[in-house]
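Participant: Quick one, fold the following:
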Amino acid sequence: MDAEARNEVALIGRMAAAAEERILPSGDVLLTWRLVVDRPPPRRPVPDGLRVPVVDTLDCVAWTGTVRRTARAFEAGDVVSVEGALRRRFWRAGAGAASRCEVEVRTARRLRRAQVSR
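Facilitator: Reported below is the predicted structural model:
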């Protein structure tokens, strides 16, 4: 393979809700949140009656203190930018194991505060 392996994610979207902090059994602190990212409209016409998703909802996680502090200040509806890598995390669940794909965030910043309706 001539090209170097790469795992880079860059997203801009809206916070679905405030981030939640959890302490894992290992003692590590994890901040999680969901980012709602608009999808571009389809390039081809969609047959009548077929529903096309208009957003993607993506799980984001922050392990480092700096990113956790930044993301903790985000509020539902804020438009934020995140950069990181796609990860698949495994853990024990009941009698088996479970996994999920999520964006491990390296940098995060608020681009626009949520619009407050009056």
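Participant: For residue 35, grab the count of nearby residues.
Facilitator: For residue 35, the tally of surrounding residues (other C-beta atoms under 10 Å) stands at 24. (Each C-beta comes from the backbone N, C-alpha and C, glycine too.)
Participant: just checking, what packs against the host helix or strand of it?
Facilitator: Here residue 35, judged by DSSP states H and E, is contained in strand 29-38. Judged by 3 or more C-beta pairs under 8 Å, 6 or more residues apart in numbering; DSSP states H and E, strand 29-38 is in contact with strand 9-15, strand 20-23, strand 55-62, helix 65-72.
Participant: Mind listing the strands that strand pairs with, and their directions?
Facilitator: The pairing partners recorded for strand 29-38 under DSSP bridges are strand 9-15 (antiparallel), strand 20-23 (antiparallel), strand 55-62 (antiparallel).
Participant: Could you check how far the closest residue to residue 58 other than its chain neighbours is from residue 11?
Facilitator: Counting by C-beta to C-beta, 6 or more residues apart in numbering, residue 35 is the residue found nearest to residue 58 once chain neighbours are left out, at 5.0 Å. Going from residue 35 to residue 11 by C-beta to C-beta, to the nearest Å gives 6 Å.
Participant: on that earlier part again, pLDDT averaged over the strand holding residue 35, what's the number?
Facilitator: For strand 29-38, mean pLDDT rounds to 96.
Participant: how much distance is there from it to the middle of the chain?
Facilitator: Offset of strand 29-38 from its chain centre (C-alpha atoms, centre = their mean, to the nearest Å): 4 Å.
Participant: Buried residues, it. List them.
Facilitator: Buried positions in strand 29-38, judged by neighbour count with 16 or more other C-beta atoms under 10 Å: 31, 33-36.
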